[in-house]
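Visitor: sequence and predicted structure, then a few things I'm wondering about:
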Amino acid sequence: MKPVIAALTILFFLAVFSCQSPGTGGPGQAAPDSTYTLSGKIDGVDTGWAYLRHRQLEGSTIDSARIEKGMFVFTGRAPEPEFCNFGILEKGDKEFHFGFFLQNGKLELTANTDSLSDAHVRFSGSPTEDEFQRFQKSQEPIDSADRAINDLYVAAKSKRDQRRMDSLIKVFQLLDLRQKQSVKDFAKANPSSYVTAFEVYSNFSYNADAAELDSLYHGMDSGVRASYFGRKVKEVVSGAKATAIGQPAPEFAQNAADGKPIALSSFKGKITLVDFWASWCGPCRAENPNVVKAYHRFHPKGFAILGVSLDEKREDWEAAIKKDKLPWTQVSDLKGWQNSAAQLYGVRGIPMNFLLDKEGRIIAKGLRGEDLEQKLATVVR
């Protein structure tokens with residue numbers, strides 16, 4: 001369900017209402033004799049190419065293997081269970097359909113071109129993947145509810161029924177809490193599992209509560225904390241602490257579309273919303289009307305917004321500003337997820353925002369829908 005991190009990530013709430021950053025970085029060194037052999041068969045494909053995308057390696061490394069009579073083989077080393085994406089070259093387009101935990105040993109994957117993106121893929125030989133699938137199966141009631149609410153949300157959106165949309169967002173938030181509790185329960189029962197680190201990172205990275213996430217991190221065994229996803233959790237904890245309520249907002253400066261540098265400190269003296277978004281982020285674009293409404297209501301009273309775009313193409317960024325009629329100051333370094341301000345604020349998903357008081361201290365964050373106007377009504381006078 002999740003659009004960026006991996007095909008099978010279960011961040012249902014973020015999947016519908018935010019765009020999330022892919023992880024980067026590299027694992028430790030593999031032992032010389034640590035190897036895997038992944039053999040497979042794709043029914044319906046006689047020849048072509050199969051691909052493994054190693055998202056945990058620097059640069060998101062891609063391996064390829066030729067498909068002959070539907071068969072393929074990958075070999076390599078995995079220093080730890082690694083969440084990869086598998087795909088095939090089909091009709092000239094390379095697409096990654098299936099996410100799974102790769103680890104050393106003899107692994108087998110069988111599927112067909114019609115089922116490559118769903119649970120009909122059969123994968124064996126990875127105990128970590130087996131554990132991951134058991135957890136996924138336990139979440140099916142939540143996933144089913146999520147899909148039903150999503151259908152209702154799409155219908156409400158088509159009718160421009162903002163009240164209904166806001167109400168459904170509240171339901172998603174309740175589902176999110178239920179999902180997070182199930183992850184907490186799993187983490188407590190499985191402190192030595194790589195799946196624990198994966199699920200904690202996947203479900204608690206967006207608008208993270210520093211104390212809650214730090215507790216989950218220290219509940220993991222030392223080996224899991226040192227794993228790729230364990231390290232990613234630690235990074236999120238650090239970022240969440242730096243942007244906790246009451247902390248001074250980290251200073252940054254980036255260029256506006258005209259090339260003029262704009263510093264956050266220039267907004268001191270005003271209640272300011274630092275709003276992270278991007279033209280390519282559907283949930284951000286869906287949220288923009290709420291932000292525009294809040295801006296027009298409170299700007300005459302001294303409210304300001306500094307938009308920070310995670311775009312890479314200037315023309316897309318500027319076109320979205322014009323189309324969504326965003327009248328406030330906008331900046332970007334056009335580096336996408338590597339945007340320096342987003343990195344500084346530990347932003348792992350967008351839309352994401354931070355509300356600052358007149359002295360530049362963070363007083364709220366992650367305000368969406370009606371919550372933004374309700375909060376502004378208490379602080380803008």
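Guide: Alright, I've got the coordinates. Residues are numbered from 1 along each chain as shown.
Visitor: helix or strand for F74, which one?
Guide: strand 71-76 (DSSP states H and E).
Visitor: over to A145?
Guide: helix 140-158.
Visitor: what comes up buried for the helix ranked longest in the chain?
Guide: As assigned by DSSP state H, the longest helix anywhere in the chain is helix 162-189. Neighbour-count burial for helix 162-189 flags 165, 168-169, 172, 175-176, 179-180, 182-184, 186-187 (criterion: 16 or more other Cβ atoms under 10 Å). C-beta here means a position set from N, CA and C on the backbone, and glycine is covered the same way.
Visitor: what's the model's confidence in the following helix or strand past that helix, averaged?
Guide: Next helix or strand after helix 162-189 toward the C-terminus (DSSP H and E): helix 194-204. Averaged over helix 194-204, pLDDT sits at 96.
Visitor: quick one: contacts of whatever helix or strand comes next after helix 194-204?
Guide: For helix 194-204, the succeeding helix or strand toward the C-terminus, using DSSP H and E, is helix 210-218. Helix 210-218 has contacts (Cβ atoms under 8 Å, 6 or more residues apart in numbering) with 184, 187, 200, 204, 225, 230, 233-234, 236-237, 240-241, 244.
Visitor: buried residues in the helix or strand hosting V236?
Guide: Per DSSP H and E, V236 falls inside helix 228-242. Residues 228-237, 239-240, 242 are the ones in helix 228-242 that count as buried (16+ other Cβ under 10 Å).
Visitor: okay, the residues you listed in CSV with pLDDT and distance to N290 next?
Guide: Formatted as CSV, those follow (pLDDT from 0 to 100; distance: Cβ to Cβ, whole Å):
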residue, pLDDT, distance to N290
Y228, 95, 36
F229, 96, 33
G230, 97, 36
R231, 95, 35
K232, 93, 30
V233, 96, 30
K234, 95, 33
E235, 91, 30
V236, 92, 26
V237, 94, 29
G239, 89, 25
A240, 92, 24
A242, 91, 26
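Visitor: tell me which two in the residues you listed are the farthest apart.
Guide: Y228 and A242 (21.9 Å; Cβ to Cβ).
Visitor: where does pLDDT dip in the protein?
Guide: Applying pLDDT under 70 to the chain picks out residues 1-33, 58-59, 90-96, 115-120.
Visitor: mind giving me the packing neighbours of the strand holding F74?
Guide: Contact analysis of strand 71-76 by 3 or more Cβ pairs under 8 Å, 6 or more residues apart in numbering; DSSP states H and E lists strand 36-43, strand 47-54, strand 61-68 as its packing neighbours.
Visitor: closest to Q330 out of these?
Guide: Nearest to Q330, of the helices and strands packed on strand 71-76 and by Cβ to Cβ, is strand 47-54 at 32.7 Å.
Visitor: buried stuff in the closest one?
Guide: Buried residues in strand 47-54 (16+ other Cβ under 10 Å): 50-54.
Visitor: state the helix or strand in which the nearest residue to L372 once chain neighbours are set aside lies.
Guide: Excluding the flanking residues, the one nearest L372 by Cβ to Cβ, 6 or more residues apart in numbering is A294, at 5.0 Å. Secondary structure from DSSP H and E places A294 in helix 282-298.
Visitor: roughly how far out does that helix sit from the chain middle?
Guide: Put simply, helix 282-298 sits 21 Å off its chain's centre (Cα atoms, centre = their mean, to the nearest Å).
Visitor: could you list the buried residues of it?
Guide: Quick answer for helix 282-298 (16+ other Cβ under 10 Å): 283-285, 287-288, 290-292, 294-295, 298.
Visitor: same check on stretch 355-369?
Guide: Buried residues in stretch 355-369 (16+ other Cβ under 10 Å): 355-357, 360, 362-369.
Visitor: show me which pair in those residues is furthest apart.
Guide: G360 and G369 (25.2 Å).
Visitor: report the distance from stretch 245-265 to the chain centre.
Guide: Remark: stretch 245-265 is offset 23 Å from the chain centroid, using Cα atoms, centre = their mean.
Visitor: compute the first-to-last residue distance for it.
Guide: 18 Å (Cα to Cα, to the nearest Å).
Visitor: same check, this time on stretch 44-61
Guide: End to end - Cα to Cα - stretch 44-61 spans 27 Å.
Visitor: equivalent analysis for stretch 62-78, please.
Guide: Length of stretch 62-78, first residue to last, Cα to Cα: 14 Å.
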